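Visitor: Sharing a model prediction with you, sequence too.
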Amino acid sequence: MKIVVIGGTGLIGSKTVERLRKKGHEVLAASPNSGVNTITGEGLAEALAGAQVVVDLANSPSFEEKAALEFFETSGRNLFAAEKAAGVRHHVALSVVGTERLQEMGYFRGKMAQEKLIRSSGIPYTIVHATQFYEFIGAIAQSGTTGTTVRLSPGALQPIAADNVADAMADVALAEPLNGMIEIAGPERAPLSEFVTRFLKATNDPRNIVVDPHARYFEVEIDDRTLVPDEGARLGAIRFEEWLSHSTQQK
């Protein structure tokens, strides 16, 4: 089966491509660097010719609302036009757990617009909502840092390893379309501040943590519901301590 992975050279994309190829499928890792651009439409028709499945892992290069909205809407329109012409039978997209609860942030309004386009496209689809990745815990710490202090929310987080996200995306790509959404998350739920504290300790980072219920997660305040999945989410197997140990050994 031919599968096109849009954003196939990124963190999740490269891992998903690897998994699908190991299962014996013809996989095209599509990105602007490979001559496939969902914003301009360049190379889309050629890339999608003969494809049965498209996995969309492309992400806006900006969190700013106007830029994110333009990216997801333009990319989506071009992609669906090409998919219809090619006869694609399953569109798989990666989105974010809590997107509907994070609408104060412009980026997530862009993600919501993307999901609406998917649902109205007429192409069978599956949307995968993932929690935050372990790999971005450092960026969360940085976003809350002033001087040597990191101000963080105690709101619940249930992050997941990028490897487990890729496992799920590959499995969904090979399954029948749900015409709906599934959620994936890591195996542990704890306060966001606790995950960052563990990360800073493991990386010998001397910054001080201040727990503040009003501290913002990027641009929004969160609570114990905002960033975590409902019951029945698919849970990754890699625990945070295991990931921390492996990632710090690699440095």
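Guide: Arrived safely, thanks for sending. These numbers come from a predicted model, not from an experiment. Residues are numbered from 1 along each chain as shown.
Visitor: buried residues in stretch 176-196?
Guide: Residues of stretch 176-196 classed as buried: 181-196 (neighbour count, 16 or more other C-beta atoms under 10 Å). In this view, the C-beta of every residue, glycine as well, is placed from N, C-alpha and C.
Visitor: Which ones among those map onto helices?
Guide: Counting by DSSP state H, the part of the buried residues of stretch 176-196 found in helices is 192, 193, 194, 195, 196.
Visitor: Retrieve the pLDDT associated with the second one.
Guide: In this case it means residue 193. Note for residue 193: predicted pLDDT of 97.
Visitor: Please settle this for me: is residue 55 part of a strand?
Guide: Yes - assignment of residue 55 by DSSP: H, G, I helix; E, B strand; the rest coil places it within a strand.
Visitor: hang on, it packs against residue 10?
Guide: No - between residue 55 and residue 10 there is no contact under C-beta atoms under 8 Å: 11.6 Å.
Visitor: neighbour count winner among those two?
Guide: residue 55 (29 against 18; other C-beta atoms under 10 Å).
Visitor: can you give me the strands for the stretch 151-251 of the chain?
Guide: With DSSP state E, counting those that start in this stretch as the criterion, the stretch 151-251 of the chain has strands at 156-157, 180-185, 190-191, 208-211, 216-217, 220-221, 234-235.
Visitor: In the chain, where is pLDDT below threshold?
Guide: Within the chain, the stretches with pLDDT under 70 are 250-251.
Visitor: Now the longest helix anywhere in it: buried residues?
Guide: Taking DSSP H as the criterion, the chain has its longest helix at helix 65-86. If you call a residue buried by 16+ other C-beta under 10 Å, then helix 65-86 has these buried ones: 65, 68-72, 75-76, 78-80, 82-83, 86.
Visitor: I'd like the distance from residue 163 to residue 133, if you could.
Guide: Distance, residue 163 to residue 133, using C-beta to C-beta, to the nearest Å: 10 Å.
Visitor: on that earlier part again, list the helices and strands the longest helix of the chain packs on?
Guide: helix 44-48, strand 53-56, strand 90-96, helix 106-120 (3 or more C-beta pairs under 8 Å, 6 or more residues apart in numbering; DSSP states H and E).
Visitor: mind giving me TSV with those and columns for distance to residue 226?
Guide: TSV is the format used below for the helices and strands packed on helix 65-86 (distance: least, C-beta to C-beta, whole Å):
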stretch	distance to residue 226
helix 44-48	35
strand 53-56	24
strand 90-96	11
helix 106-120	11
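Visitor: which one of these is the most hemmed in?
Guide: strand 53-56 (a mean of 28; mean count of other C-beta atoms under 10 Å).
Visitor: Dump that one to PDB, keeping only the CA atoms.
Guide: The C-alpha coordinates for strand 53-56 follow below in PDB (Å, rounded to 0.1, in the frame of the first residue of the first chain):
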ATOM      1  CA  VAL A  53      -3.600   6.800   2.800                       C
ATOM      2  CA  VAL A  54      -2.300  10.200   3.700                       C
ATOM      3  CA  VAL A  55      -0.900  10.900   7.200                       C
ATOM      4  CA  ASP A  56      -0.800  14.700   7.800                       C
END
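Visitor: Determine how far that strand lies from the middle of the whole chain.
Guide: Averaging C-alpha positions (C-alpha atoms, centre = their mean, to the nearest Å) puts strand 53-56 14 Å from its chain's average.
Visitor: Now do it: which elements does it pack against?
Guide: Secondary-structure packing of strand 53-56 (3+ C-beta pairs under 8 Å, 6+ apart): strand 2-6, helix 65-86, strand 90-96, helix 162-173.
Visitor: As CSV, those with distance to residue 148 would be great.
Guide: Below are these laid out as CSV (distance: least, C-beta to C-beta, whole Å):
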stretch, distance to residue 148
strand 2-6, 40
helix 65-86, 31
strand 90-96, 30
helix 162-173, 29
